[in-house]
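K.L.:
Pasting a predicted model and its sequence here:
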Amino acid sequence: MNYNDILRYGEIQYLKGRLDELYKGYVPHSTATNNRIVDTRISKYEEKLKNTDEISFYLYQTEIKNRVFSKNRSKKEIKKLLEDILEHIDDTEIKQRIINQIDKY
């Protein structure tokens, strides 16, 4: 591994880190101006990653899709668990909190 490879891998890690941070604050399908700015920054960093190393770009896209799939699967499992627990709870306050949480999923 030479110095140029180390620089390229460092840049790939930096770009992936920046994209992760931007995706944390990104709310898709929102019309607020600040989210449009974040969206353009995401596309800018994605383009830089693609230009730096195309394979890393596609691997990162696969990683993002897997994260979304895993998160949705977990939400379904938690919702099912809360629905099962709900019928065994007697405290109305806790029952209402669980119902509110189920509605969020």
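P.N.:
Everything's here; your move. Numbers count the residues shown, from 1 in each chain.
K.L.:
all contacts plus neighbour counts: C-alpha atoms, from now on.
P.N.:
Fine.
K.L.:
Can you give me the buried ones in the helix ranked longest in the chain?
P.N.:
Longest helix in the chain, counting residues (DSSP state H): helix 54-86. For helix 54-86, the neighbour count (16 or more other C-alpha atoms under 10 Å) marks 56-57, 60, 79, 82, 86 as buried.
K.L.:
Count the neighbours of Asn51 for me.
P.N.:
For Asn51, the neighbour count with other C-alpha atoms under 10 Å is 12.
K.L.:
for Asp91, same thing?
P.N.:
8.
K.L.:
quick one, phi psi at it?
P.N.:
Phi and psi for Asp91, reported as degrees, to the nearest 10, are phi -70, psi 120.
K.L.:
Would you mind measuring from it to Lys16?
P.N.:
Asp91 is 46 Å from Lys16, where distance means C-alpha to C-alpha, to the nearest Å.
K.L.:
Tell me which other helices or strands the helix or strand Ser43 falls within touches.
P.N.:
Element membership of Ser43 [criterion: DSSP states H and E] is helix 33-52. Packed against helix 33-52 by the contact rule (3 or more C-alpha pairs under 8 Å, 6 or more residues apart in numbering; DSSP states H and E) you find helix 3-25, helix 54-86.
K.L.:
closest to Lys44 out of those helices?
P.N.:
Nearest to Lys44, of all these, is helix 3-25, at 9.6 Å by C-alpha to C-alpha.
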